[in-house]
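Asker: Test case, fold it:
(one chain, ligands or ions: 1)
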Amino acid sequence: MVRILMVCLGNICRSPMAEYVMRHLVRQAGLEREIAVDSAATSRYQIGDLPHRGTQRVLAEHGIPCGRHRARQIVPSDYQRYDLIIGMDDENCEDILYLLRGDPQHKVRSLLDWTDHPRDIADPWYTGDFETTYADVLEGCKALLMHLTR
Ligand code: 4NP
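Answerer: Here you go, the predicted model:
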């Protein structure tokens, strides 16, 4: 079983979107027993909150179930609980390394690292553009699934 933790600043826009998109791809591939996906925040800003309405809307528009996830902050014990800890941008990755006090097992990556064009996923909290975020998240999750199954 590969355990994946998707991480962003607030855990209400990008990382829950990545969690539910990845779960959807995993379900479609029949790999629910092989790959598990959760999400968490680097900050405490939105702890306890549901996914942002924009994330809920864009997932619904693409026929992807959105659960009643509540935002939580990453904790040091997550380092042993997960095999891959995936930030949505470089700042998330730097914050993860700080909060987890390093990455001796090289578990921390950025979601678009496995694509042909590694880059940050723009935060729709600031841009309001959840559709572009969805396209980036889908590209990253597809590339990650290819990486895990090849
Ligand atoms: P996310 O977006 O990191 O993609 O969940 C944000 C959500 C909330 C805040 C910032 C970014 N905030 O400042 O509260």
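Asker: How much space separates the residue of the chain at minimum distance from the ligand from residue 126?
Answerer: Going by C-beta to the nearest ligand atom, the ligand is nearest to residue 10 of the chain, at 2.5 Å. C-beta coordinates here come from the backbone N, C-alpha and C atoms, glycine included. Separation of residue 10 from residue 126 (C-beta to C-beta, to the nearest Å) stands at 11 Å.
Asker: picking that back up, now the nearest residue to the residue of the chain closest to the ligand once chain neighbours are set aside: phi and psi?
Answerer: Nearest residue to residue 10, sequence neighbours excluded (C-beta to C-beta, 6 or more residues apart in numbering): residue 46, at 4.4 Å. In terms of degrees, to the nearest 10, the main-chain angles of residue 46 are phi -120, psi 20.
Asker: Residue 144 and residue 137 touch, don't they?
Answerer: No. Taking contacts as C-beta atoms under 8 Å, residue 144 lies outside contact range of residue 137: 10.3 Å.
Asker: does the helix or strand residue 134 falls within come close to the ligand?
Answerer: For residue 134, the element it lies in under DSSP states H and E is helix 130-149. No. Counting by C-beta under 6 Å from any ligand atom, the ligand has no neighbours in helix 130-149; the shortest distance is 7.8 Å.
Asker: now that helix: how far from the chain's centre is it?
Answerer: The chain centre lies 10 Å from the centre of helix 130-149; the measure is C-alpha atoms, centre = their mean, to the nearest Å.
Asker: Now do it, average pLDDT.
Answerer: Helix 130-149 comes out with an average pLDDT of 98.
Asker: interface residues of the chain facing the ligand?
Answerer: 8-14, 45-46, 123, 125.
Asker: let's go with 5 Å and repeat that
Answerer: For the chain, the residues in contact with the ligand (C-beta under 5 Å from any ligand atom) are 8-10, 12-14, 45, 123, 125.
Asker: Now do the nearest residue to residue 101 once chain neighbours are set aside against residue 93, distance only.
Answerer: Residue nearest to residue 101 in three dimensions, not counting chain neighbours: residue 76, with 6.7 Å by C-beta to C-beta, 6+ apart. Using C-beta to C-beta, residue 76 is found at 16 Å from residue 93.
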